[in-house]
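Visitor: Okay, sequence plus prediction incoming.
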Amino acid sequence: MKETLKAGVLYFALVFAAGFVLGAVRTLWVVPRLGLRTAELAEAPIMFCISILAARWVLRHVEVSPLRSRRLAMGCIAIGLMLLVEFTVVLWIRGMTIRGYFRARDPISGTAYFLSLGAFAVIPIFAGRPRA
């Protein structure tokens with residue numbers, strides 16, 4: 001279980017770091033040119049690919065059991081950390097409440113974002129190959 005925890009934290013850290021950089025690019029350069037919805041929808045597939053690559057990298061470098069339950073645990077640890085950061089630090093920086101956060105989300109790009117979070121949690125089940 002220790003390796004699963006380590007893998008989940010590392011998976012979260014890699015995807016969060018990439019999302020932080022892409023979020024800055026989106027906010028500073030893409031939103032002013034294309035609008036919020038288009039910018040967020042353009043970022044979603046990039047983050048999906050980053051999640052796959054990060055999960056594969058982590059599974060190659062950390063000894064996580066090939067059992068689906070362990071891989072799902074890795075994803076659940078990562079999504080738990082992602083939501084913790086999203087609903088504490090991000091809301092605090094923006095000066096928002098959770099209710100205000102959900103109200104401010106665009107219905108289309110917000111739905112895509114939450115679907116991508118769900119995918120982020122289950123990607124480790126399908127990423128990488130079990131070790132021989």
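Guide: That came through fine.
Visitor: contact partners of the helix or strand harbouring Tyr113?
Guide: Assigning secondary structure by DSSP states H and E places Tyr113 in helix 107-126. By C-beta atoms under 8 Å, 6 or more residues apart in numbering, the residues outside helix 107-126 that reach it are 7, 11, 15, 36-37, 40-41, 44, 47-48, 51-52, 55, 58-59, 64, 68, 71-72, 74-76, 78-79, 82-83, 102, 105. Every C-beta, even on glycine, is put in place using the N, C-alpha and C of the backbone.
Visitor: Any figure for the gap between Ile52 and Thr111?
Guide: 20 Å (C-beta to C-beta, to the nearest Å).
Visitor: between these two, who's got more neighbours?
Guide: Ile52 (18 against 11; other C-beta atoms under 10 Å).
Visitor: hang on, Gly75 packs against Gly8?
Guide: Yes: using C-beta atoms under 8 Å, Gly75 is in contact with Gly8, at 7.2 Å.
Visitor: which strands and helices sit next to the lengthiest helix in the chain?
Guide: Selection of the longest helix in the chain by residue count, based on DSSP state H, yields helix 36-61. When contacts are defined as 3 or more C-beta pairs under 8 Å, 6 or more residues apart in numbering; DSSP states H and E, helix 36-61 sits against helix 2-25, helix 68-85, helix 107-126.
Visitor: For Val31, find the nearest of the ones you listed.
Guide: Of all those, helix 2-25 sits nearest to Val31, with 9.7 Å by C-beta to C-beta.
Visitor: Average pLDDT for the closest one, rounded please.
Guide: For helix 2-25, mean pLDDT rounds to 97.
Visitor: The nearest residue to Gly8 once chain neighbours are set aside: neighbour count?
Guide: Distance criterion C-beta to C-beta, 6 or more residues apart in numbering; nearest residue to Gly8, sequence neighbours excluded, is Ile77 at 2.7 Å. Other residues near Ile77 come to 21 when the count uses other C-beta under 10 Å.
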